[in-house]
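# Let's see this in three dimensions:
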Amino acid sequence: AAQPMTIIGSTGPVLAFVATLAHLASKMDLPFLPLYSWTGLWTAFYCFLSSITSFSNSVKFLTRFTDEIFSVLVSCIFVVEAVSDIARTFTSPLSNFTKALLSLLCATTTYTLATSLKKFRQSIYFNKSIRNTISNFAPTIGVITATLLARWARLSQGPRAAALPCLNIPQTFATSSGRPWLTPLFDLPVWARWGAALPALMAFVLLFLDQNITVR
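Below you'll find the model as predicted:
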């Protein structure tokens, strides 16, 4: 109560967890979306138990060392994922050198603009309100600029030479893969529905640490 709302999104550890869960589903020949859904339901159950027992009060026992370790973990996951994706464009047989360089240029542009504009708050240009706005939206400005750069390269060089991978958007209002809107929960075997409680416990720990450490 009286705590500012926080955005619950896919942070580094959660993203790594989802990727691991997808790999586990593929290895065990289980449908991913039903497994993901049952994991989410179990995670919601754990979060419910945590809320009614005020389990978040246990955060007071976590030290600054725990906070820093978790922050380093999140940072490392994001950096490794970004570097790995760019490196794959140089080694993938489906890519060419032009696409690889364009990917590297877009990533460098995003990072440089985001970090540079983030420091704009301490500059002497414009008034304080404009400086703060530019600093707050530094990552967004970097992403938009890199997106426009990739679009310009595609239009000027052609899609065969400089088309970077993008989201496949259907012509009609539908899911990107054509799957049903509702996940078939009962396509998952009964034993797997109960077994999803174990990865859900790991997801709960990640969400608990992420939401309680980052807001204090």
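
# what about residue 110, neighbour count?
20 (other CB atoms under 10 Å). Where C-beta positions appear, they are placed from N, C-alpha and C, glycine not excepted.

# That one: which element?
helix 97-118 (DSSP states H and E).

# Contacts for the least confident helix or strand in the chain by mean pLDDT, please.
Least confident helix or strand, the chain: helix 159-162 with a mean of 72, by mean pLDDT, DSSP states H and E. With contacts defined as CB atoms under 8 Å, 6 or more residues apart in numbering, helix 159-162 is touched by 96, 98-99, 102, 150, 153-154, 156.

# Now for the spatially closest residue to residue 139 that is not a sequence neighbour: which residues touch it?
In space, and not counting its chain neighbours, residue 139 is closest to residue 114: 4.6 Å by CB to CB, 6 or more residues apart in numbering. The contact partners of residue 114, taken as CB under 8 Å, 6+ apart, are 138-139, 141-143.

# okay, residue 3: pLDDT?
pLDDT, residue 3: 44.

# again, but for residue 31
With respect to pLDDT, residue 31 has a value of 92.

# same check, this time on the one 4 residues further on
Note for residue 35: predicted pLDDT of 94.

# Next up, the contacts around the closest residue to it other than its chain neighbours.
Nearest residue to residue 35, sequence neighbours excluded (CB to CB, 6+ apart): residue 25, at 4.9 Å. If you count contacts by CB under 8 Å, 6+ apart, residue 25 has them with 31-32, 35-36.

# Which of the residues you listed sits closest to residue 207?
Residue 207 lies nearest to residue 36 out of the contacts of residue 25, by CB to CB, at 14.4 Å.

# Would you agree that closest one is in contact with residue 17?
No: the pair residue 36 / residue 17 is not scored as a contact, 10.5 Å apart, by CB atoms under 8 Å.

# ranges for the strands of this structure?
Assigned by DSSP state E, the chain shows no strands.

# then stretch 51-68 to PDB, C-alphas only?
Extracted in PDB, the C-alpha atoms of stretch 51-68 (Å, rounded to 0.1, in the frame of the first residue of the first chain):
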ATOM      1  CA  SER A  51       0.800 -10.700  -0.900                       C
ATOM      2  CA  ILE A  52      -1.500 -12.200   1.700                       C
ATOM      3  CA  THR A  53       1.400 -13.100   3.900                       C
ATOM      4  CA  SER A  54       3.300  -9.800   3.400                       C
ATOM      5  CA  PHE A  55       6.300 -11.700   2.200                       C
ATOM      6  CA  SER A  56       7.700  -8.600   0.600                       C
ATOM      7  CA  ASN A  57       8.700  -7.400   4.100                       C
ATOM      8  CA  SER A  58      11.600  -9.900   4.000                       C
ATOM      9  CA  VAL A  59      13.300  -7.500   1.600                       C
ATOM     10  CA  LYS A  60      14.600  -5.600   4.600                       C
ATOM     11  CA  PHE A  61      17.000  -8.500   5.200                       C
ATOM     12  CA  LEU A  62      18.600  -8.100   1.800                       C
ATOM     13  CA  THR A  63      21.800  -6.100   1.900                       C
ATOM     14  CA  ARG A  64      23.200  -3.600  -0.600                       C
ATOM     15  CA  PHE A  65      25.400  -6.400  -1.900                       C
ATOM     16  CA  THR A  66      22.400  -8.300  -3.000                       C
ATOM     17  CA  ASP A  67      21.100  -5.200  -4.900                       C
ATOM     18  CA  GLU A  68      24.400  -4.800  -6.700                       C
END
